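Student: this one's sequence-less:
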């Protein structure tokens, strides 16, 4: 059983913790970067013809003679898009990365719903393969868990870019996009994340990996079977090859981290042998420390 | 090049499956990975395991094929034709004499010699044959001609120490007989050179170099000549095989007992004489103590101060009624000049710069020696005589005799006494031991004849123990009685006219001696011959001469007379090993005595003959068994005590004609070494994957 009986209890506990300690710092109650008709002042911009004169800052005009338009941060419900990688590579490991990914998605969904946010779950591999439409209310957690439980890790390829494009083509509102994946994307994980950035999504990357992926116990002649593409590669693994592999894996992890750091995206990297609630707590702490 | 086992070359066909397995796809283990993303980058330069990539491990394949080739060749046992033609017949003579126990060559000379022989075995070439001969007191072929190295090694490892003297000459001769007329025969002698002479033939002596510096060149030249084709001159075929010596000795000093004998005195019935010799076989003066014990009771302690090369020898007189093992031990051996030792002894200090016993005395075997002193037993003698003081006193003077004198015949003759009849004779001689001296009348054994006037003894049986140390030809005998024996006696003394005056009478019911010389009128009673004659007679009556049980040197075969009815007689060595011996019963000795031939006695100490015990050789357990007879065995060899090798052997260079060591191995050995090296390289490549 993917979700044990105490799973909801642990979710509730996480929800309470997130409200008391990290209130407004994780998901809900975050202000969107959407400018609009809110009441909280954000900044000024120059007036251009056609702007609503109601928002002209008359005080500034009176003092300095500059026509500046007041901008307000629009307060609206946060849309949280939880994108879960359903490719076969996520089924690798013991326990499979996919289990942790689904636990994480369920937990994040619960926390968001508890904060009155709207969530949507997009399962993707080589494009969007399943979707839970935008929903709200804590009561929706059970359908969400059922959706996740029935979700197979059966995608033959990982293509985050196509998945993001599929999401964007649905005309969704911008919001927080959480990508839970191993990011073993031959097409390049950057292009998918770039799409999210361009559309002003507040993106957060959770990258999972199995310890044996980081440090494979493999030496000698072997047939390497890619469980995602089922392609076979007959190789002779030497210590030098193994060293190169570890270096490449490390470079990949570093590239993800550097990308997120460069574009101010949230980034969480973790082996899949960790408990989901520990990882959530770690994310909360990291988020709090970052502010 | 030829092969001893050419059929083994068919094993080279194993190369085909190796190549086939190498080229053909071998099912690899399938390892699922989450992505090939990184592996692609690693192997992106070359397509992984393409058809030509099979040869990527060409070096590995080549190594494996070479490995197979070497193993197959090794099994086929290659050899060169010259090896076949020059196959040698070697006889390794190993000296295991007592001096090989010396520890100047570590661990011992014999162990070093055995190691040297094992090195030779390791260097055997194909079809070489080797025999092992032991040069003990009697040469012994340990193993005959064979080329089987494990058998030879086992035989060499099984050689044990002995206390025997060396007999190199006979061992070498035996070795030459084993070689026969083989053109490449050779006798290799592993010895310490402690021999009187090596018994070299003229050709051997010519082979021995006088100058070691030129000798090395000679030997090298000889070695080089052995590489030439094997045609030998026909005239050399009948020459004896050459002998090479390998010495395992140094100029080691030693001091040892070279002789120990003990015998009963001929004059004093209680006395005995010890003959002891000690040899200082070193170039420095030595002081030591010779401790003598009889039945573990100290008899004498003699301080010896021996000059270099001195042989000390002395006869020591002692008295005792008891007999038993007499043991001599050398102790407290120190070096120093005689004056230094004397001064140090006076000051009760140690001689400055003196060396220890272990440095002066490198052989312990000759530090102990044994001898057997016969015990004296009292004898009862009944003298029936009308009265002769000399006759009475000659028995009374012997402390081993309990004399009873009577003038008339007793009613019953005692069975446990020697009966001396002087004067009248009974009609029938009593049974048992009877000595009739100057008797009057006839009896059942002889009749008395006429009186012999002034008989002169001209014929004595010198071989008889009864006549030992006696000369009757110069004894003045005015009168004797003619005895006419009813059965032919054994004459001990005859007159010029052929009349027997002293005889051993053969009769079924006891021993009997008859002396017809008149004691009253002759001067026999005044001569020393008379008590000696009486002592000889008493010894003869008692069954043993009782004077000497000679100690024998190690390695001899000796015969012991025992009185036993047991069918199985065992011989117990000083190291408590028991072996059964055969008993023979010759017709010329007494019915209750048997002869036992024992030997070779190759351990020093006391050997015992026992009537009981197991028939197979094993250690004695339980209480000690009463012995039927004993024999003392000593090294008793000045040459074995002198540990310094023979000069001419010491100067000879070390043999180089045998290709021992790494360069004397058969070809298969080097092939196996190469195969091992290749295996290591292949293993290294497999581990490190340098071939990848």
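Tutor: Arrived safely, thanks for sending. In this text, all values refer to a predicted model and were calculated from it rather than measured experimentally.
Student: Give me the local confidence score for residue 215.
Tutor: You didn't pick a chain, so chain A it is. Residue A:215 carries a pLDDT score of 91 in this model.
Student: Hmm, no, I was thinking of chain B.
Tutor: We have a pLDDT of 35 for residue B:215.
Student: try the one 3 residues further on
Tutor: Confidence per residue is given as pLDDT, and for residue B:218 that number is 40.
Student: Check the one 4 residues further on too.
Tutor: If you check residue B:222, the pLDDT there is 42.
Student: near chain B, which residues of the stretch 51-200 of chain A show up?
Tutor: The stretch 51-200 of chain A comes close to chain B at residues A:89, A:92, A:93, A:97, A:182, A:184, A:186, as judged by CB under 8 Å from any CB of the partner chain. Any C-beta I mention is one placed from the backbone N, CA and C, and that applies to glycine too.
Student: that's a strand at residue A:106, yeah?
Tutor: No. Counting by DSSP: H, G, I helix; E, B strand; the rest coil, residue A:106 is not part of a strand but helix.
Student: could you measure it against residue B:547, distance?
Tutor: Distance, residue A:106 to residue B:547, using CB to CB, to the nearest Å: 121 Å.
Student: Those two: who's more crowded?
Tutor: residue A:106 (25 against 16; other CB atoms under 10 Å in any protein chain shown).
Student: contacting residues for that one?
Tutor: A:3, A:7, A:11, A:141, A:144, A:145, A:148 (CB atoms under 8 Å, 6 or more residues apart in numbering or on different chains).
Student: What subset of those residues is buried?
Tutor: Neighbour-count burial (16 or more other CB atoms under 10 Å in any protein chain shown) applied to the contacts of residue A:106 gives A:3, A:7, A:11, A:141, A:144, A:145, A:148.
Student: Make a markdown table out of these and add pLDDT, distance to residue B:424 and secondary structure.
Tutor: Below are the buried ones among the contacts of residue A:106 laid out as a markdown table (pLDDT from 0 to 100; distance: CB to CB, whole Å; DSSP: H, G, I helix; E, B strand; the rest coil):
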| residue | pLDDT | distance to residue B:424 | secondary structure |
| --- | --- | --- | --- |
| A:3 | 79 | 144 | coil |
| A:7 | 82 | 144 | helix |
| A:11 | 81 | 148 | helix |
| A:141 | 90 | 153 | helix |
| A:144 | 92 | 154 | helix |
| A:145 | 92 | 149 | helix |
| A:148 | 92 | 148 | helix |
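Student: Make TSV from those and add distance to residue B:86 to it.
Tutor: TSV is the format used below for the buried ones among the contacts of residue A:106 (distance: CB to CB, whole Å):
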residue	distance to residue B:86
A:3	90
A:7	91
A:11	94
A:141	98
A:144	95
A:145	93
A:148	89
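Student: Among those residues, pick out the one closest to residue B:39, please.
Tutor: residue A:148 (31.0 Å; CB to CB).
Student: Run through the residues that contact the residue lying closest to that closest one once chain neighbours are set aside.
Tutor: Nearest in space to residue A:148, with sequence neighbours left out and distances taken as CB to CB, 6 or more residues apart in numbering or on different chains, is residue A:102 at 4.5 Å. Taking CB under 8 Å, 6+ apart, we find residue A:102 in contact with A:2, A:84, A:148, A:149, A:151.
Student: a markdown table for these, including distance to residue B:125 and secondary structure?
Tutor: Formatted as a markdown table, the contacts of residue A:102 follow (distance: CB to CB, whole Å; DSSP: H, G, I helix; E, B strand; the rest coil):
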| residue | distance to residue B:125 | secondary structure |
| --- | --- | --- |
| A:2 | 79 | coil |
| A:84 | 80 | strand |
| A:148 | 83 | helix |
| A:149 | 82 | helix |
| A:151 | 80 | coil |
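Student: Can you flag the buried ones in the residues you listed?
Tutor: Taking 16+ other CB under 10 Å as the criterion, what is buried in the contacts of residue A:102 is A:84, A:148, A:151.
Student: What mean pLDDT does stretch A:66-73 get?
Tutor: For stretch A:66-73, the mean pLDDT works out to 85.
Student: those strands in the stretch 1-150 of chain A, which residues are they?
Tutor: A:35-36, A:40-46, A:68-73, A:79-85, A:118-125, A:127-136 (DSSP state E, counting those that start in this stretch).
Student: By mean pLDDT, show me the worst of those.
Tutor: Lowest mean pLDDT within those: strand A:35-36, at a mean of 58.
Student: Kindly list the longest helix within chain B.
Tutor: Counting by DSSP state H, the longest helix found in chain B is helix B:667-688.
Student: Next, work out how far apart the spatially closest residue to residue A:166 that is not a sequence neighbour and chain B are.
Tutor: Nearest non-adjacent residue to residue A:166, counting by CB to CB, 6+ apart: residue A:128, 4.0 Å away. Taking CB to the nearest CB, to the nearest Å as the criterion, residue A:128 is separated from chain B by 21 Å.
Student: Residue A:128 reaches residue A:122, doesn't it?
Tutor: Yes. Between residue A:128 and residue A:122 there is a contact at 5.6 Å, judged by CB atoms under 8 Å.
Student: what is in contact with the two at once?
Tutor: Residues touching both residue A:128 and residue A:122 (CB under 8 Å, 6+ apart): A:163, A:166, A:167.
Student: Please find the angle between the direction vectors of the helix or strand containing the first one and strand A:79-85.
Tutor: In this case it means residue A:163. If you go by DSSP states H and E, residue A:163 is part of helix A:160-169. Put simply, helix A:160-169 runs at 150 degrees to strand A:79-85, going by axes from the mean of the first three to the mean of the last three CA atoms, to 10 degrees.
Student: List just the nearest of the contacts of residue A:102 to residue B:523.
Tutor: residue A:2 (141.9 Å).
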